[in-house]
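**Q** after the sequence you'll find the predicted model.
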Amino acid sequence: MNTLNDLSQTIAERAKADPDSSWTAKLLAKGPEKCAEKFGEEAIEAIIEAIKNNREGLISESADVLFHLLVMLQSRGVTLEEVLSELARRQGTSGIAEKAARKP
């Protein structure tokens, strides 16, 4: 889990960088919608690798998905800690019960 925390901190630092010197800063400068679009593209690429049963491709694309998820969260001011807290809150609750408890 330290790797995700470290990556999240790096993304927060790069958000303050010059977009000409950082891919992360450049993506964030394009706005939350572009960050979400890029996350979606990476998710689709991961799905394709899973369907193809390409283990190495799935690992690589999954890393891209996690990175771009963190960038998207940064673009909207949501921290990794907030997401992890939500996961912790759900821990021990069945998926069926958790979905049933959501408001329609």
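**A** Nice, thanks for sending it over.
**Q** for this structure, just list every one of the helices.
**A** Here the chain has its helices, by DSSP state H, at 2-14, 23-29, 32-51, 55-75, 80-90, 95-101.
**Q** now do the third one, average pLDDT.
**A** Which is helix 32-51. Helix 32-51 shows a mean pLDDT of 98.
**Q** what's the angle between that helix and helix 55-75?
**A** 160 degrees (axes from the mean of the first three to the mean of the last three C-alpha atoms, to 10 degrees).
**Q** against which helices or strands is helix 32-51 packed?
**A** Using 3 or more C-beta pairs under 8 Å, 6 or more residues apart in numbering; DSSP states H and E as the contact criterion, the secondary-structure elements in contact with helix 32-51 are helix 23-29, helix 55-75. Heads up, the C-betas are built off the backbone N, CA and C, glycines and all.
**Q** identify all contacting residues around the shortest one.
**A** Outside helix 23-29, the residues that touch it by C-beta atoms under 8 Å, 6 or more residues apart in numbering are 10-11, 14-20, 34-35, 38, 71, 74-75.
**Q** make a markdown table out of the helices and strands packed on helix 32-51 and add mean pLDDT, mean neighbour count and distance to T93.
**A** Supplementary listing: those in a markdown table, determined by pLDDT from 0 to 100; neighbours: other C-beta atoms under 10 Å; distance: least, C-beta to C-beta, whole Å:
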| stretch | mean pLDDT | mean neighbour count | distance to T93 |
| --- | --- | --- | --- |
| helix 23-29 | 97 | 18 | 34 |
| helix 55-75 | 98 | 18 | 22 |
